[in-house]
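Asks: Turn this into a structure:
(2 chains)
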Amino acid sequence: MSGPATRADHHPQHDPHKLGRAHGGGHGGHGHTGPDTKHTIGAGEHGPASKRIIVGYGFWIFLLSDIIMFSAIFATYAVLHGATAGGPTSAQLFDLKNVAIETGCLLISSFICGLAMIAAHERNMLWTQIGLVFTGLFGFIFLVLELKEFSEMIAEGAGPQRSAFLSSFFTLVGCHGLHVTVGLLWLGTMMAQIWAKGFTQPIQRRLLCFSLFWHALDIIWVALFTIVYLLGAGQ
Amino acid sequence: MSSHEQDVFDDDLAPGDEHSQVLVGVRGYAVGLILATGLTATSFWVAATHSLWGPGVPIGLCVLAIAQMGIHLAFFLHITTGPDNTNNVLALAFGVLIVFLVVAGSLWIMANMNGNMMPMPMNQMNLQMQHG
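Replies: Next comes the predicted model:
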């Protein structure tokens, strides 16, 4: 419907890949003399992009930098994986059944979060809240299972101070768990805000950012369960 | 401006933006869930089974993980190759480049350093490097 092809029909000289053609261009009639008139740096041909796009893009860049931070912790873990200092190795410690349940919880949570965003797009209060409750519930189950695993390991004497391998393990998995915890707090805040203020534009933007955050955590978990648990248990 | 008008006049998309039709949107998430579940189940099976050639297992697991990340990006985060997504894809590509440099560079340098270590007494060796 809004594709660049339609635009190109009206303005064959315009670059369809150019940023920020938000307003006015399609109304025609007021003599387009090309991109040179009223050209603002970074604002494309028709003024800046809508706030939703700018906010979403900015948050996307934040998420990518967060992923880069995780990559440094992943690299630390990979380097220190063999440095067990005579303590327990990854193959002795990890319980893949528990990890499979955790993975399932996070995946379902991510899926329901997507459904809740569709409901929010439709401005349906009931289904949005139900979706967000279940998103949070599965995230919470994930967190409980992870904390249970941590406490069992520490009780066995395989705490973060045992070896460099375990320090990096607790840093990496704990950092992801911390992100999930922050996500849960954010989720609760969003539910209250939707309830109190309704589906206003700022709330919709915050929901967009939250869903991006939640899906990105699932992507990090995919790397985590593969590198830490599956590869670790096989060695 | 209503959201419908925004759909018509914006050529750019924020990452994660929803499709305007509910059923199409739900179908997208459902397809993503099924594919991701399949890949996850395959990963766990590959790690647990003994019927596969051992040295190939880590590579297979990495391929499965990268495929699943792609599924998440496409079906959950709605990153596409369309012209409305150019900026998102470029930012992602840059992020992937940095991640690759950090991880591969660290492993390479640390492996080199371990290789060039002075020989040590055995008990310290154990502290330094112990490959499982």
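Asks: show me where chain B has strands.
Replies: Taking DSSP state E, chain B contains no strands at all.
Asks: What pLDDT is listed against A:D36?
Replies: pLDDT recorded at A:D36 is 47.
Asks: wait, I meant B:D10
Replies: The model reports B:D10 with a pLDDT of 51.
Asks: What separation is there between the closest residue to chain B within chain A and A:L80?
Replies: Proximity of chain A to chain B (C-beta to the nearest C-beta) peaks at A:G56, 2.5 Å away. All C-beta atoms are positioned from the backbone trio N, CA, C, and that covers glycine. For A:G56, the distance to A:L80 equals 36 Å [C-beta to C-beta, to the nearest Å].
Asks: got it, and B:V22?
Replies: Distance of B:V22 to A:L80, given as C-beta to C-beta: 48 Å.
Asks: what about the two, which has more around it?
Replies: A:L80 (18 against 15; other C-beta atoms under 10 Å in any protein chain shown).
Asks: In chain B, what residue lies closest to chain A?
Replies: The minimum distance from chain B to chain A, using C-beta to the nearest C-beta, falls at B:A14 (2.5 Å).
Asks: element containing the closest residue to that residue other than its chain neighbours, please.
Replies: Spatially, and ignoring its direct neighbours in sequence, B:A14 is nearest to A:G56 (2.5 Å; C-beta to C-beta, 6 or more residues apart in numbering or on different chains). Following DSSP states H and E, one finds A:G56 within helix A:51-80.
Asks: Surely the residue of chain A closest to chain B and A:L208 touch.
Replies: Yes. Contact status for A:G56 versus A:L208: in contact at 5.5 Å, counting by C-beta atoms under 8 Å.
Asks: joint contacts of these two?
Replies: Taking C-beta atoms under 8 Å, 6 or more residues apart in numbering or on different chains as the criterion, A:G56 and A:L208 both touch B:A14, B:G16, B:D17.
Asks: Make CSV from these and add distance to B:I98, pLDDT and neighbour count to it.
Replies: Shown next, in CSV, are the shared contacts of A:G56 and A:L208 (distance: C-beta to C-beta, whole Å; pLDDT from 0 to 100; neighbours: other C-beta atoms under 10 Å in any protein chain shown):
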residue, distance to B:I98, pLDDT, neighbour count
B:A14, 22, 76, 27
B:G16, 21, 77, 25
B:D17, 25, 79, 23
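Asks: all helices for chain B, in order.
Replies: B:3-9, B:22-48, B:57-71, B:86-115, B:122-128 (DSSP state H).
Asks: For those, give me TSV that also has distance to chain A.
Replies: Below are those laid out as TSV (distance: least, C-beta to the nearest C-beta, whole Å):
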stretch	distance to chain A
helix B:3-9	5
helix B:22-48	4
helix B:57-71	4
helix B:86-115	4
helix B:122-128	5
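Asks: Output the ones you listed in JSON lines, with distance to A:W127 appended to each entry.
Replies: Listed next are these as JSON lines, based on distance: least, C-beta to C-beta, whole Å:
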{"stretch": "helix B:3-9", "distance to A:W127": "17"}
{"stretch": "helix B:22-48", "distance to A:W127": "10"}
{"stretch": "helix B:57-71", "distance to A:W127": "25"}
{"stretch": "helix B:86-115", "distance to A:W127": "27"}
{"stretch": "helix B:122-128", "distance to A:W127": "56"}
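Asks: pLDDT score assigned to the residue nearest to B:A14?
Replies: 92.
Asks: what number of residues lie near it?
Replies: The number of residues packed around A:G56, counting by other C-beta under 10 Å, is 22.
Asks: so how far is the helix or strand harbouring A:V180 off the chain centroid?
Replies: Per DSSP H and E: A:V180 is located in helix A:164-197. With C-alpha atoms, centre = their mean, to the nearest Å as the basis, helix A:164-197 stands 11 Å off its chain's centre.
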